[in-house]
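Asks: Got a predicted structure plus its sequence, pasted below:
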Amino acid sequence: MLNAETYVTKEKGIGGTIRNRYEDFYVEEIPIENLLPTGEGPNVWIWIEKLGRTTLDVLMDISRDLHISRKRMGFAGMKDKKAITKQWICISNMDSEEQFEEVKALNGEIYNTKFLKIVRGQKKLRMGQLEGNKFKILIKDINTDYSSYQEAANIANNIFKKLEVSGVPNYFGWQRFGKPRTNTHLVGKALVANDLAEAVRLYIGNPYEEEPEEVKLARKAYDDGDVEKSLDLMPTGMRYERIMLKELLKEKNKLKKSSTRINSSNNCINSYNNINSNNESINSNSIDFSLNDSDFNYLNDKSYKKAIFALPKPLQRMFVHAYQSYLFNEAVTKRVAMGINKYIEGDIIIDNEEHLIHNESPEKLQEMIFKFEADPTSPLYGTKVPFAEGKVGEMEKNILIEENLKKVDFECPKTPKLGSHGLRRKIRFKIWDASAKATEDGVLTEFSIDKGSYATAVLREIMKNDVV
């Protein structure tokens with residue numbers, strides 16, 4: 001996991017790999033019971049099963065085929081791409097029976113997606129409205145130090161027992177940052193630094209060695225300053241890069257046409273002044289593009305901003321969130337090293353409703369932490385996030401200093417919609433219904449965890465290696 005260094009269990013891991021097949025990684029959303037659809041109402045809820053696709057990709061396909069805005073579609077949380085996943089999605093304001101039938105007709109038409117239930121509901125579904133997620137994950141290629149899969153399963157069960165007592169470090173997993181192209185947080189860092197050109201370059205250009213050759217060529221074309229060539233080469237599956245490239249090409253053509261008119265006009269003025277002023281030209285604002293006809297000459301911050309805001313809003317927000325997550329992982333690494341289930345003087349503590357706890361004694365706070373009634377927190381850095389006191393607070397401040405940042409930088413003045421006030425997030429999460437058993441192929445793990453937490457943080461403790 002990126003920027004995650006600390007383990008809470010001491011046992012040697014069982015090693016292994018995951019996601020050899022999509023079928024080896026299963027995720028099912030645990031919904032909030034009183035939000036579930038009742039069969040009546042203006043909104044249509046769909047219990048979907050998807051394979052090898054992001055939640056956003058499925059939503060965009062459905063909105064395209066129904067000819068509706070993506071903004072009318074809600075979901076509680078993003079689910080893994082390299083997996084079989086089940087979750088609710090909701091389409092708002094589908095009052096007529098004809099619209100309901102159109103949704104039903106889509107079943108089987110969306111790539112690698114099944115509609116398992118289609119139900120009308122009164123309520124809409126919003127981000128974060130779930131209890132948690134339950135997982136079934138098969139670990140293969142177990143460490144050869146173990147004589148059998150059963151021995152490895154026994155080790156995994158011992159680790160599960162300890163994690164059920166201590167909690168699991170609440171690290172953000174690789175999904176937050178991208179893998180194998182780990183750059184989402186770097187795009188966010190550029191946005192926080194107000195470098196929009198660099199943010200766009202990191203997303204569209206900046207080829208990674210592990211990528212397919214055709215994608216690398218398209219990214220290189222962008223780095224070379226040829227937006228149109230990059231768009232021509234970019235595979236259709238690279239949906240978001242193509243969205244940005246189309247916007248940039250439109251901006252480039254518009255600004256190039258405008259600059260050509262300005263230069264033509266200024267050249268006429270200069271010629272007139274040269275004739276009438278002994279070849280002394282006026283000071284003009286014309287730009288000579290003849291020496292370097294890179295498309296970047298015709299783009300500006302407004303162009304790059306338009307390209308970023310052409311993306312779906314959840315993806316826009318993901319960039320700065322990923323950078324916050326990168327810094328959070330570092331803070332959690334250092335705070336967990338002080339004791340994952342210990343109160344440290346100066347800690348900011350929250351309860352299970354994420355309310356700050358005030359005016360409790362250290363002894364009472366420690367008792368609440370042991371009972372999972374409260375948790376220590378680390379910062380998702382932002383403009384208004386409070387720091388802890390004492391040595392915990394000093395550690396949190398030093399992380400910002402090392403990044404040459406101040407809290408105010410998270411205003412993102414050039415893209416204020418993407419700025420963040422920040423918040424405190426618990427340093428651990430609860431795990432329940434955890435078990436491991438030997439199979440013919442490896443060790444099958446099953447467990448449930450809180451919403452917003454990553455299964456790979458659990459597997460990292462069991463496997464003791466970098467889990468993707």
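Replies: Right, received. Where do you want to start? Residues are numbered from 1 along each chain as shown.

Asks: in the protein, which spans are helices?
Replies: Under the criterion DSSP state H, the chain contains helices at 55-66, 97-105, 149-166, 184-192, 196-204, 213-223, 227-233, 239-276, 301-309, 313-336, 362-370, 390-402, 455-463.

Asks: Lowest average pLDDT across those helices?
Replies: The weakest mean pLDDT among these belongs to helix 239-276, with a mean of 75.

Asks: would you list the helices of the chain in TSV and tack on mean neighbour count and distance to Gly128?
Replies: Bear in mind the C-beta positions are built from the backbone N, C-alpha and C, glycine included. Below are those laid out as TSV (neighbours: other CB atoms under 10 Å; distance: least, CB to CB, whole Å):
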stretch	mean neighbour count	distance to Gly128
helix 55-66	18	14
helix 97-105	13	24
helix 149-166	19	24
helix 184-192	24	20
helix 196-204	21	26
helix 213-223	18	33
helix 227-233	19	36
helix 239-276	15	23
helix 301-309	19	23
helix 313-336	22	12
helix 362-370	15	23
helix 390-402	15	24
helix 455-463	24	18
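
Asks: Can you lay out these as JSON lines showing distance to Leu444?
Replies: Shown next, in JSON lines, are the helices of the chain (distance: least, CB to CB, whole Å):
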{"stretch": "helix 55-66", "distance to Leu444": "25"}
{"stretch": "helix 97-105", "distance to Leu444": "35"}
{"stretch": "helix 149-166", "distance to Leu444": "8"}
{"stretch": "helix 184-192", "distance to Leu444": "31"}
{"stretch": "helix 196-204", "distance to Leu444": "37"}
{"stretch": "helix 213-223", "distance to Leu444": "34"}
{"stretch": "helix 227-233", "distance to Leu444": "42"}
{"stretch": "helix 239-276", "distance to Leu444": "34"}
{"stretch": "helix 301-309", "distance to Leu444": "42"}
{"stretch": "helix 313-336", "distance to Leu444": "27"}
{"stretch": "helix 362-370", "distance to Leu444": "30"}
{"stretch": "helix 390-402", "distance to Leu444": "38"}
{"stretch": "helix 455-463", "distance to Leu444": "12"}
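
Asks: Which of these sits closest to Ile30?
Replies: helix 455-463 (12.9 Å; CB to CB).

Asks: what comes into contact with the closest one?
Replies: With CB atoms under 8 Å, 6 or more residues apart in numbering as the test, helix 455-463 has contacts from 1, 4, 7-9, 13-16, 18, 27, 133, 135, 137, 139, 155-156, 159-160, 163, 168-171, 173-175, 429, 431, 434, 436, 445, 447, 449, 466-468.

Asks: Could you rerun that using 6 Å?
Replies: 9, 13-16, 135, 156, 159, 168-169, 171, 173, 467 (CB atoms under 6 Å, 6 or more residues apart in numbering).

Asks: Domain ranges for the chain, per the record?
Replies: 32-130, 205-311, 313-426 (automatic domain parsing).

Asks: Would you convert these into CSV that also reports distance to Asp195?
Replies: CSV is the format used below for those (distance: least, CB to CB, whole Å):
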stretch, distance to Asp195
domain 32-130, 25
domain 205-311, 9
domain 313-426, 9
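
Asks: Return the per-residue confidence for Ser284.
Replies: 37.

Asks: Could you do the one 5 residues further on as well?
Replies: The model reports Phe289 with a pLDDT of 41.

Asks: Now for Pro312: which residues touch it?
Replies: So Pro312 contacts Leu56 (CB under 6 Å, 6+ apart).

Asks: Glu330 versus the most centrally placed residue in the chain, what's the distance?
Replies: Centroid-nearest residue in the chain, with CA atoms, centre = their mean: Arg176, separated by 3.8 Å. Remark: distance between Arg176 and Glu330 (CB to CB, to the nearest Å) = 14 Å.

Asks: Nearest residue to the residue nearest to the centre of the chain in space, ignoring adjacent ones along the chain?
Replies: Ser325 (4.9 Å; CB to CB, 6 or more residues apart in numbering).

Asks: Could you measure from that neighbour over to Leu400?
Replies: 15 Å.

Asks: Equivalent analysis for Lys334, please.
Replies: 13 Å.

Asks: same deal with Ala83?
Replies: 35 Å.

Asks: How about Ile369?
Replies: For Ile369 relative to Leu400 (CB to CB), the value is 26 Å.
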